[in-house]
Each structure stands twice: as structure tokens, then as C-alpha cells.
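**Student:** fold the following, please.
(one chain, ligands or ions: 2)
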Amino acid sequence: MYSLNNFDIDIFLNQYWQKKPLVIKQGFDNFVDPLDEHELAGLSQEPSIDSRIISQSNSNWQVSHGPFEDINAHCKGAWSLLVQAVDHVIPEADGLMRAFDFIPHWRMDDLMVSFSNKDAGVGPHLDQYDVFIIQGKGSRRWQVGLPGEFESIHPHKDLSQIVNFEPVIDQVLLPGDIIYIPAHHPHNGVALQECLNYSVGFRAPSSQEMLSSFADFALDNNLFNQRYTDQNIATREFSGEIKQQETARFKQMLARVLESEAFSDWTAQFLSQNGPKQDIDEQYENRFDEKEIKQRLETGVPFVRCPGIKPTFLEHSSINSHEFVFYIQGEKFSVPLSLKNLLLDFLNSPVFYFKNRSLDKSSVFFIRFVATMVNTGYWYPDD
Ligand code: SIN
Ligand code: CO
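**Tutor:** Ligands and ions are numbered 1, 2, ... in the order given. Alright, predicted model coming up:
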């Protein structure tokens, strides 16, 4: 298990999150890499995994996209292999991300892992998202500046870099050190020797993404069913004129939908869909009936939540006060309110143990839910 040292969550959230870059020396002590470069190279051969190699020699930048049959063919000069969503396939990598659960998981992206040889990096650049970068084996020099106007260059069509930024941080990171880089802060990491880096990235939906998703939700749920009315229509000189109060009325019609309880419901549904839809693990599909799940829960078999599954629920929901409502991968689930604490424990535990609990009448809903999750490939019993 990975847990953070030398780190105060409240101070970080108040003073640094989305505000200032920070180096956390020995954020993880005695850091053990969750994988090595050979495993990373193996992942980059998988067609289902997104990977890139960025290389430079004599100021000539190249970008190649995986899957790679012969990785060596692309590793010219100073090069980095970058692999996305490693947490989905390596449970120890998911464990590393869980150390950052003080930020809601619906804000979190996947874990990107990079391996670089000496002098390699992706060049000075800006990112739209916040990131924690953990130094694994080896060492890397990080320079981070403050937001501003920067000239951008594209030394390759797939690379966006900037020129000349003034660093406010210039430090060499060693295994277990962490650097936090807020969005839009220029940065550049150059490997001083062969090294592994783990990027815990964050995502933030744009209002365009929200509007598109909410429009689908609203249409599916027939939320925009009001029609324009104007009992007190004003007189006007020009027939084409739209009065201020008429524009206001249109706004009001849309605002009513945004202020409805259904909008909060959509928020939870939308945020549970963060990231790629999980592939259903056919190994488990329809494999367990409720009796078999019950027996496993009672005998203490651990239930493992598949990496990338990010259940969400609303702090306050008044839609239905008799049920606890939550969302997984965009799908709505509910159980009787009496099961809320048990469900919160189940949903929030990367590995869930049923130990020291007894099953009563309402537990049938819990067992049914666990069976559905297992047979959908979102959780699995580790026996
Ligand atoms: C890397 O890990 O090689 C690049 C991370 C970054 O600068 O965003
Ligand atoms: Co970056």
C-alpha cells in the first residue's frame, strides 16, 4: 500500500491545489516501483493500450504511436516511452493512485507511466490539467514556471512545446519524490539517467462536454417539456424586435431545468462515466448466482473493485428518501436506505471484506447488487 508522507492534505488543498506548484521530497519513503520498464514495454505491445514513444536526436523530434512490435526500432537518441491507463491493468499501479484519493476520484484521470533514458523528456510544455508526477527509479530534473503568455512551437505535428519560461522550481527528483504541477504552468522534465515516472493526472469537464451530456439526459428524461407562453405580450414598433423581458423569459425556461433536482442527478451520472467504459470481463460474466455470492461474502472472500470503476453519489439527494441512489459507469443503482453504510463501504473499498457482519432480510438487495457487479465484470471475488 502506498501512503503519503511529509504531506498535509489541508495545507495542500488550501495553498497549492490549482494555485502553486510544489515539490514533496520523499512523499513516498522507500518507494517501490509498481512495475518495471520491461513490463511497461510489454504493455506498449498491446493493441488495447494507448502508448507513444517520443524521441529526439540532434534536435530532430519523432513521435511514434503504439502498439509496438519492435520497440527498439523507435528508441533513437534520447527517448521516452509513455503508456496511458496503466492503473487499469496493473493493480499495484492502481494502489499508487489511491494515495491521492483525497481528491475525488471523479476528478482523476488514468495513471500515465513513462520510462526515459538519459537526457530524454517531452520538451517544455503546458498541460490543461493538474498532475502529480511521482519519481520512480532514477532521477529527473524538473523545472516549473508560472502561467503566462508563451510562444508555442511544434517540432513534430504531434508535439506542442513552448519556448523560454522562467522556472520558479528547479530541482532534481529522486525515487519517492513527488512534484505537483497545476494546470497551465509551464514545465520541463529531463531524465538525468534511466528513469520511471508516474503521472496522476486530473480531468475537468468543459462546459461543452457537460452541455452535450446534459442535453442527452434531458431528452431521455423529457426534462425540457415546457412551452413558451406570453400572456402579457408587449406592444412594439417593429415586428422583428425581441424585448429584453422576452429574452429573460427564454433564459428562465432553461434555468428552471438547470435548477431542478434532476440536474443534480445528471451530475452524479455524468461524473461516474469518467474515463473509458470498462470492458466486461467475460471470465466472470453470469458466472455466479446469488447463492454463490452469499456464500463467498459469508466465508470472508475479498471482493476486488476493478481499477477504473468510479462509483458516484450525491451528498444530498431528495429524489427518493427511502433509497440510497448511486451511479456506476453511467448506470443508476439503488438499495434500501438501511443498506447505505454497507454500500458506502463496498463502493469505497478497493478490496472489500464482508467480515463481522450478519446478513438480515434487507441483505438480499446487497447480495443481488454484488452479484450484478461481479457478473458485469466491475468487481471480482478473489478466491
Ligand atoms: C513524462 O512523464 O515523461 C512527461 C510528463 C509531463 O511532463 O507531463
Ligand atoms: Co506535462
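**Student:** helices of the stretch 201-350 of the chain, start to end?
**Tutor:** 207-220, 244-258, 261-272, 290-298, 340-348 (DSSP state H, counting those that start in this stretch).
**Student:** ranking those by burial, who's on top?
**Tutor:** Among the helices of the stretch 201-350 of the chain, helix 261-272 has the highest mean neighbour count (mean count of other Cβ atoms under 10 Å), at a mean of 18. C-beta coordinates here come from the backbone N, C-alpha and C atoms, glycine included.
**Student:** give me the helices and strands touching that helix, please.
**Tutor:** helix 207-220, strand 323-328 (3 or more Cβ pairs under 8 Å, 6 or more residues apart in numbering; DSSP states H and E).
**Student:** what does the stretch 51-200 of the chain put close to ligand 1?
**Tutor:** Taking Cβ under 6 Å from any ligand atom, the part of the stretch 51-200 of the chain that reaches ligand 1 is made up of Ser80, Leu82, Ser114, Ser116, Val122, Asp127, Ile133, His187, Gly189, Asn197, Ser199.
**Student:** ok, Tyr198 touching Ala99?
**Tutor:** No. The criterion here is Cβ atoms under 8 Å, and Tyr198 misses it with Ala99 at 10.4 Å.
**Student:** so these two - more neighbours on which side?
**Tutor:** For Tyr198 versus Ala99, the count of surrounding residues by other Cβ atoms under 10 Å is larger for Tyr198: 23 against 18.
**Student:** mind checking which helix or strand the more buried one is in?
**Tutor:** Element membership of Tyr198 [criterion: DSSP states H and E] is strand 195-202.
**Student:** pull the residues that contact that strand.
**Tutor:** 33-34, 36-37, 40, 93, 96-97, 100, 103, 107-116, 127, 129-140, 189 (Cβ atoms under 8 Å, 6 or more residues apart in numbering).
**Student:** circling back to that earlier point, I'd like the helices of the stretch 201-350 of the chain as TSV, with mean pLDDT and distance to Tyr228 appended.
**Tutor:** Output for the helices of the stretch 201-350 of the chain, formatted as TSV (pLDDT from 0 to 100; distance: least, Cβ to Cβ, whole Å):
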stretch	mean pLDDT	distance to Tyr228
helix 207-220	94	17
helix 244-258	95	7
helix 261-272	93	20
helix 290-298	92	51
helix 340-348	93	41
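**Student:** wait, which of the helices and strands packed on helix 261-272 is closest to ligand 1?
**Tutor:** Minimum separation from ligand 1 across the helices and strands packed on helix 261-272 (Cβ to the nearest ligand atom) falls at helix 207-220, 21.7 Å.
**Student:** what's next to the closest one, contact-wise?
**Tutor:** If you take Cβ under 8 Å, 6+ apart as the criterion, helix 207-220 is touched by Leu223, Phe224, Val257, Ala262, Phe263, Trp266, Gln269, Phe270, Gln273.
**Student:** tell me the residue of the stretch 201-350 of the chain that sits nearest ligand 1?
**Tutor:** Gly201 (8.1 Å).
**Student:** how about that residue, nearest residue that isn't a chain neighbour?
**Tutor:** Asp109 (4.0 Å; Cβ to Cβ, 6 or more residues apart in numbering).
**Student:** looking at it, that neighbour is touching Tyr129, isn't it?
**Tutor:** Yes. Using Cβ under 8 Å, Asp109 is in contact with Tyr129, at 6.9 Å.
**Student:** what sits against the residue in the stretch 51-200 of the chain that ligand 1 sits nearest to?
**Tutor:** The stretch 51-200 of the chain approaches ligand 1 most closely through Ser114 (3.5 Å), counting by Cβ to the nearest ligand atom. Contacts of Ser114 were listed using Cβ under 8 Å, 6+ apart, and they are Ser80, Leu81, Leu82, Val83, Leu196, Asn197, Ser199.
**Student:** which residues does the last one form beta bridges with?
**Tutor:** In other words, Ser199. Taking DSSP bridges, one finds Met112, Ile133 as the beta-bridge partners of Ser199.
**Student:** relative to Arg305, which of the helices of the stretch 201-350 of the chain is closest?
**Tutor:** Ranking the helices of the stretch 201-350 of the chain by proximity to Arg305 (Cβ to Cβ) places helix 340-348 first, at 7.9 Å.
**Student:** helices or strands up against the closest one?
**Tutor:** Applying 3+ Cβ pairs under 8 Å, 6+ apart, we find helix 340-348 packed against strand 323-328, helix 363-376.
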